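Novice: What would the 3D arrangement of this be:
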Amino acid sequence: MTARLARDFGLVCGTLPTGPLNAITDVPGVLVGHLSMHAGDVLTGVTAILPHAGNLFRTKARAAVEVINGFGKSTGLMQVAELGTVETPILLTNTFAVGTCATALIRAAIAANPDIGRETGTVNPVVLECNDGFLSDIQALAVTEIDALEAIAAASDGKVGEGSVGAGTGMSSFGFKGGIGTASRRVKLDRDHYHLGVLVLANFGRAGDLVLPDGRRPAPPAEPVPEKGSVIVILATDVPLEHRQLHRVTKRCGAGLARLGAFWGHGSGDIALGFSTADPVEHDQKRDLVDIRVLNEARIDRLFQAAAEATQEAVLNALCAAGPAIGRNGHSRPSLADWLEAEERK
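Specialist: Numbering: from 1, shown residues only. The predicted structure is shown next:
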């Protein structure tokens, strides 16, 4: 049975049109792959996002990062913020698998580029995380380098798996089962159509704080606890943007989180990373001066709106697509879709 998403329940975020898939893969060239693990007390995995299918070290994507609240253990973000590029696949996983996934990215980059660390610079692996320890035995250190590579190998440019898949297998959000969600928006600039897509790893929000677009506040049966989850937002676009503009757009993902009722609590690791597939940076560029195209800044509000709307909808899709789950020590999370279906029957 195909999982129902937010729009299947009449939950529409904003006014901009979606792309054909309503997914981050509506941005041409972007690929997504998952490796899911669900065995006993282990509910975890890896999700890979590739800005393009080529050699990312040699042809880097322009990128920016916004640390909304920095209670997190990701790797590679400092160099992204400084140099404004991504040069490996972006991996999402659980907190204790960050090092393993980073090593896998380094090995893969060296295999494709034997000059790394010798004739040329080192490589900056980008791995972001959320803590799935409520439902999964995070101490099992179950994710391996092979798992990370399999997530990359599974990446495709088609429909994206949502809900309890990949890195989202053991995640929770607003007291419900969380996970992976995605959405996109289409914008017109001059005479051409462009896309902005978002993929989230939703593991944040206190039970009872969720606000739906129609104003309802689903409240699962859960004891009130401090906000100590995390959310990772990956934004992609084919609009030509330089690093500063890309950072400004990526920052607006936080507006989408706020619309859902999140306040970015003390214990929450809320991070947004954005990249553009336009005007990549060539590692072996020979010219001293290079030309780039950039968005007329007077038009940037269109992308601000797209980022907020797509982020809000991506989180709702993650919650709607995820079924109920029972994990470590009998810990459980209900499904938002079940709550919404019960509301429909009233």
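Novice: residue ranges of the helices in this structure, please?
Specialist: Counting by DSSP state H, the chain has helices at residues 77-83, 98-112, 145-153, 243-251, 253-259, 301-321, 336-345.
Novice: I'd like to know which of these is closest to K286.
Specialist: With CB to CB as the measure, helix 77-83 is the member of the helices of the chain nearest K286 (18.8 Å). Any C-beta I mention is one placed from the backbone N, CA and C, and that applies to glycine too.
Novice: May I see the buried residues of the closest one?
Specialist: L77, Q79, V80, A81 (16 or more other CB atoms under 10 Å).
Novice: Out of those residues, which is nearest to G327?
Specialist: L77 (28.6 Å).
Novice: residue contacts, the closest residue to that closest one other than its chain neighbours?
Specialist: Spatially, and ignoring its direct neighbours in sequence, L77 is nearest to V65 (5.0 Å; CB to CB, 6 or more residues apart in numbering). Neighbour list for V65: L77, V80, A81, H247, T250, I271, A272, L273, G274 [criterion: CB atoms under 8 Å, 6 or more residues apart in numbering].
Novice: and the top strand by length along the chain with helix 243-251, angle?
Specialist: Identified as the longest strand of the chain according to DSSP state E is strand 269-282. Strand 269-282 and helix 243-251 are oriented at 150 degrees to each other (axes from the mean of the first three to the mean of the last three CA atoms, to 10 degrees).
Novice: Now do the buried residues in strand 269-282.
Specialist: Those would be G269, D270, I271, A272, L273, G274, F275, S276, T277, A278, P280, V281, for strand 269-282 by 16+ other CB under 10 Å.
Novice: any idea how far the residue nearest to V30 when sequence neighbours are not counted is from G229?
Specialist: The shortest distance from V30 to any non-neighbouring residue, by CB to CB, 6+ apart, is to A236 (5.0 Å). Using CB to CB, to the nearest Å, A236 is found at 23 Å from G229.
Novice: between the two, who's got more neighbours?
Specialist: Legend: neighbour count by other CB atoms under 10 Å for A236 and G229, higher for A236 (31 against 27).
Novice: Show me which of the buried residues of helix 77-83 is closest to L319.
Specialist: Nearest to L319 among these is L77, at 25.8 Å by CB to CB.
Novice: What is the burial count for N131?
Specialist: Neighbours of N131 (other CB under 10 Å): 22.
Novice: so what's it up against?
Specialist: By CB under 8 Å, 6+ apart, the neighbours of N131 are N94, T95, I138, N203, G229, S230.
Novice: what ranges do the strands span in the chain?
Specialist: Along the chain, counting by DSSP E, strands occupy 31-39, 42-50, 59-70, 85-86, 90-94, 126-130, 172-173, 176-177, 179-189, 192-203, 230-237, 269-282, 325-326, 332-333.
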